[in-house]
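[1] got a predicted structure plus its sequence, pasted below:
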Amino acid sequence: MKQEAVDMLVTIKEELLDPFKGLIGIADTFVHRYGRVFNIIKTVKDAYAILKEGYVLHQIQSFFTFLNHHFPIC
């Protein structure tokens, strides 16, 4: 009796999901391309942050070099 109920539920589940079997994997290409684009954007963002940090560091070093040349401590 119990096994018959389980078998019936499995059959009903299969019948309900059968029309959707063609949709399985349809978004795989989109998800793959989205992941690649997202990784490219993340890489560009990281590169921009590195360049910005280097630019700010250069400005600070240039400022202190200017001060050292025009107002020597010794």
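    Nice, thanks for sending it over.
[2] what average pLDDT does the helix ranked longest in the chain get?
    Counting by DSSP state H, the longest helix found in the chain is helix 28-70. Averaged across helix 28-70, the pLDDT comes to 92.
[3] distance between that helix and the chain's centre?
    Distance, stretch centre to chain centre, for helix 28-70: 17 Å (CA atoms, centre = their mean, to the nearest Å).
[4] for it, name the packing helices and strands.
    Based on contacts counted as 3 or more CB pairs under 8 Å, 6 or more residues apart in numbering; DSSP states H and E, there is no element that helix 28-70 packs against. (Each C-beta comes from the backbone N, C-alpha and C, glycine too.)
[5] counting neighbours, what do you get for Glu15?
    Glu15: 9 surrounding residues under other CB atoms under 10 Å.
[6] separation between it and Gly35?
    Separation of Glu15 from Gly35 (CB to CB, to the nearest Å): 34 Å.
[7] check Gly54 too.
    In terms of CB to CB, Gly54 sits 29 Å off from Gly35.
[8] then Leu17?
    Distance, Leu17 to Gly35, by CB to CB: 27 Å.
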